[in-house]
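>>> with the input below, show me the fold.
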Amino acid sequence: MQCNENPNKAITLLLLLMGLVGVILLVGCKRQQPPPPPPPEVVTVTVRMQQIVLTTELPGRTSACLVAEVRPQVSGIIQKRLFTEGDDVKAGDVLYQIDPAPYQASYESAKAALARSEANVLPLRLRAERYKELIADKAVSQQEYDDAAAALKQAEAEVEVNKAAVESAHINLAYTRITAAISGRIGKSNVTVGALATEHQVFPLATIQQLDPLYVDATQSSAKLLQLKRNMTAGRIKGAGPGQARVTLLLEDGTPYPSEGTLKFSDVTVDPSTGSFILRMVFPNQDYTLLPGMFVRAVVEEGVAPNALLVPQQGVSRTPKGEPFGLVVDKSVTVRQRMLTLDRAIGNQWLVSSGLSAGERLIVEGMLNVKPGDTVKVIPFEWLKDGAKSEDINRSPKKSN
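A predicted model of the protein is given here:
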């Protein structure tokens, strides 16, 4: 019996020892297991409502306020050019002199014909008056008086014709001095002295342009206009009155033009090929910085949005279909997705029409490390601006020892 009991006790003791070793190993493994990682860090901004002035940047071209093409109104050889190319001229200044000799001769001939016809009128008038007295005494016949009166009227009509001929000849003689129709800056001359100028020729001798003030013609999409009207109807935008609208200008190299302009008018017809219409603005141009034909960008005030939501552009992502969305952190520090409707870009921010509410915390950094439903650690954007670095937040979550 003792031999049978000893083996059983040995087996029991061995099992107890193995269990004890397992418990020790299990406790040791639990002590060596690393702690769970901390929640990922994200940087957020708090969405706030603010009042902003809405502007639209439109492409445009400059054009002269007045343009006058200099063309001859009589034919002849150009004897003189009396201006310097590129200079300012005043209305009435003589620009070209056409050979006046043939027109002077025509003028003198017309005056002589007028003098001759006026000389013929006097005897005919005296005869008609004399016949009028004699017809009462039956000294002349009625036919003779009628012939004398008709001859007088014919002579008087010839005088009027000759007067008109004199005036026409005088006008043609004056047209040999080609003058400026407007004040402005004249360009290059297309003809030289000795060239033949033809009456009403197709190409101009030169062109005068008034550069101060200057027009800027910009194109705006009709769809944008409809959107603006809808926003004003909904109360999201307060329109500015005609006297309150401000227009500024960006030059070709991106520098701002120092003077503000005014909106003159908008076209009433939409171009069917482009779906846009013309906005014309007027800008002062005393130093001739702007020249006709320059490409510029006009910044036109549309109105004031009293309750606008602006968010940083880096806080907005897009789905594979191109739909914009943002990630927000709710009160339980859980990530939620919001589908957004964007109005326009204003600097480095988006103007949000719908999808966000004031007071929500939008993630602007660390979006690549989280997904909707994750619990995160929030770092306010204002705290980051005080000196903290966030270069690595988008790359990997911050590790703690």
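
>>> only C-alpha atoms for contact and neighbour calcs from this point on.
Fine.

>>> can you pull out the strands in the stretch 301-401 of the chain?
Taking DSSP state E, counting those that start in this stretch as the test, the strands found in the stretch 301-401 of the chain are 317-318, 324-329, 335-339, 341-346, 349-354, 361-365, 377-380.

>>> okay, now the sheet partners of the second one, with direction.
According to DSSP bridges, the neighbouring strands of strand 324-329, each with its direction, are strand 317-318 (antiparallel), strand 335-339 (antiparallel), strand 361-365 (antiparallel).

>>> which stretch among the strands of the stretch 301-401 of the chain comes nearest Leu54?
Of all the strands of the stretch 301-401 of the chain, strand 341-346 sits nearest to Leu54, with 8.5 Å by Cα to Cα.

>>> in the closest one, what's buried?
Buried residues in strand 341-346, counting neighbours by 16 or more other Cα atoms under 10 Å, are found at Thr341, Leu342, Ile346.

>>> same question, stretch 95-108
For stretch 95-108, burial by neighbour count (16+ other Cα under 10 Å) applies to Leu95, Tyr96, Gln97, Ile98, Asp99, Pro100, Tyr103, Gln104, Ser106, Tyr107.

>>> give me the residues contacting that stretch.
The contact list for stretch 95-108, computed with Cα atoms under 8 Å, 6 or more residues apart in numbering, reads 75-83, 166, 169-170, 172-173, 176-180, 197.

>>> now the end-to-end length of it.
Using Cα to Cα, to the nearest Å, one end of stretch 95-108 lies 25 Å from the other.

>>> which of the strands of the stretch 301-401 of the chain sits closest to Pro284?
The nearest among the strands of the stretch 301-401 of the chain, by Cα to Cα, is strand 341-346 at 27.2 Å.

>>> what angle separates the closest one from strand 349-354?
Relative orientation of strand 341-346 versus strand 349-354 (axes from the mean of the first three to the mean of the last three Cα atoms, to 10 degrees): 160 degrees.

>>> thinking again about what came up before, would you reformat the strands paired with strand 324-329 as CSV and include distance to Ala223 and mean neighbour count?
As requested, the strands paired with strand 324-329 are arranged in CSV below (distance: least, Cα to Cα, whole Å; neighbours: other Cα atoms under 10 Å):
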stretch, distance to Ala223, mean neighbour count
strand 317-318, 23, 14
strand 335-339, 23, 18
strand 361-365, 30, 24
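
>>> got those strands as a markdown table, with distance to Glu302 and mean pLDDT columns?
Listed next are the strands paired with strand 324-329 as a markdown table, based on distance: least, Cα to Cα, whole Å; pLDDT from 0 to 100:
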| stretch | distance to Glu302 | mean pLDDT |
| --- | --- | --- |
| strand 317-318 | 27 | 92 |
| strand 335-339 | 27 | 92 |
| strand 361-365 | 28 | 91 |
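
>>> so for Gln142, which of the strands of the stretch 301-401 of the chain sits nearest?
strand 341-346 (95.2 Å).

>>> who are the packing partners of the closest one?
Applying 3 or more Cα pairs under 8 Å, 6 or more residues apart in numbering; DSSP states H and E, one finds that strand 341-346 contacts strand 349-354.

>>> next helix or strand past the helix or strand harbouring Ala164?
Following DSSP states H and E, the helix or strand that holds Ala164 is helix 142-175. Later in the chain than helix 142-175, the nearest helix or strand by DSSP H and E is strand 177-179.

>>> now the element after that next one, going C-ward?
Downstream of strand 177-179, the first helix or strand assigned by DSSP H and E is strand 184-186.

>>> how about residues contacting the following helix or strand past that following strand?
The first helix or strand that comes after strand 184-186 along the chain, using DSSP H and E, is strand 196-197. Identification of contacts with strand 196-197 by Cα under 8 Å, 6+ apart yields Pro72, Val74, Ser75, Gly76, Ile77, Ile78, Ile98.

>>> for the helix or strand that strand 196-197 is followed by, which positions count as buried?
As assigned by DSSP H and E, the chain's next helix or strand after strand 196-197 is strand 206-221. Within strand 206-221, the residues that count as buried by 16+ other Cα under 10 Å are 206-220.

>>> so what strands line up beside strand 206-221?
Taking DSSP bridges as the criterion, strand 206-221 forms sheet pairs with strand 49-70 (antiparallel), strand 184-186 (antiparallel), strand 276-283 (antiparallel).

>>> how about the CA coordinates for it, as CSV?
Output of strand 206-221 as CSV, limited to C-alpha atoms (Å, rounded to 0.1, in the frame of the first residue of the first chain):
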residue,chain,number,x,y,z
ALA,A,206,-2.7,108.3,-86.8
THR,A,207,-4.8,107.4,-83.7
ILE,A,208,-5.5,109.6,-80.7
GLN,A,209,-6.5,108.0,-77.4
GLN,A,210,-7.7,109.6,-74.2
LEU,A,211,-5.9,107.7,-71.4
ASP,A,212,-7.2,109.6,-68.4
PRO,A,213,-9.5,108.2,-67.2
LEU,A,214,-9.3,104.7,-68.6
TYR,A,215,-11.8,101.9,-69.0
VAL,A,216,-11.4,98.4,-67.7
ASP,A,217,-13.8,95.9,-69.3
ALA,A,218,-14.0,92.7,-67.2
THR,A,219,-16.1,89.5,-67.9
GLN,A,220,-18.3,87.9,-65.2
SER,A,221,-20.1,84.6,-65.4
